[in-house]
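Visitor: below are the sequence and a predicted model; questions follow.
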Amino acid sequence: MPVIAPMPAARPARISNQRDSAEDVVAAGTTVDHLTETYRAHYRSLLGLAALLLDDTASCEDVVQEAFIRVHSARKRVRDPEKTLAYLRQTVVNLSRSALRRRILGLKLLSKPMPDMASAEEGAYDQLERDSLIKAMKGLQRRQREVLVLRYFADMTEAQVAETLGISLGSVKAYGSRGIAALRLAMGEPA
């Protein structure tokens with residue numbers, strides 16, 4: 001039995017040596033000091049990278065800060081200190097993409113503004129006004145109604161109305177002013 005006992009003792013010694021060296025690599029990997037040096041040296045370049053992907057400075061700063069926080073949290077997994085900067089760059093790109101996705105989703109979920117339309121109440125009031133105007137127009141003399149329709153609804157000049165109706169310019173003015181006065185009276189407006 002003394003021959004078997006030294007063999008297991010030799011194997012754990014090798015395994016513990018391998019474990020110790022793996023822990024040394026992790027400890028020697030990305031340290032807080034190395035991350036601080038990387039921050040000082042590459043913060044501006046990472047901010048520039050984020051600026052190429054995002055549109056406002058505040059979002060870029062947030063993304064870069066978040067990238068450093070995430071790398072700091074995962075620094076034990078980054079075994080090679082030379083890859084810290086690459087890991088930070090990839091994290092900045094991924095966080096920028098996520099920020100853009102959130103913005104797009106937010107824009108899709110925003111309620112679309114209603115077009116500038118009158119409310120139903122205003123629409124009903126406008127309809128009542130149109131109905132009462134049409135009723136008042138029907139109550140005018142034929143020539144007054146023709147002059148007002150051609151002048152204000154067809155947007156003709158007084159000369160064009162006179163030519164169309166075959167009357168003088170003075171008659172167009174007289175029928176127009178009398179027609180407007182009759183409309184105001186019929187609509188209940190002060191003269």
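Guide: Structure received. Numbering: from 1, shown residues only.

Visitor: mind telling me what element residue 65 is part of?
Guide: Using DSSP states H and E, residue 65 maps to helix 57-73.

Visitor: next secondary structure after that helix?
Guide: helix 84-109.

Visitor: now for that next one, which elements pack on it?
Guide: helix 32-53, helix 57-73 (3 or more CB pairs under 8 Å, 6 or more residues apart in numbering; DSSP states H and E). (C-beta placed from N, C-alpha, C; glycine too.)

Visitor: that helix vs helix 32-53, what angle?
Guide: Going by axes from the mean of the first three to the mean of the last three CA atoms, to 10 degrees, helix 84-109 is angled at 40 degrees with respect to helix 32-53.

Visitor: show me how this protein divides into domains.
Guide: 12-109, 120-187 (automatic domain parsing).

Visitor: ok now the helix holding residue 65, how far from the chain's centre?
Guide: 23 Å (CA atoms, centre = their mean, to the nearest Å).

Visitor: that one - what's its average pLDDT?
Guide: Helix 57-73 shows a mean pLDDT of 90.

Visitor: got the buried residues for that helix?
Guide: 59, 60, 63, 64, 67, 68, 70, 71 (16 or more other CB atoms under 10 Å).

Visitor: most centrally placed residue in the protein?
Guide: In the chain, the centroid-proximal residue (CA atoms, centre = their mean) is residue 107; its distance is 4.9 Å.

Visitor: before we move on, the earlier item: how about CSV for the buried residues of helix 57-73, with distance to residue 143 added?
Guide: CSV is the format used below for the buried residues of helix 57-73 (distance: CB to CB, whole Å):
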residue, distance to residue 143
59, 70
60, 73
63, 76
64, 79
67, 82
68, 85
70, 84
71, 88
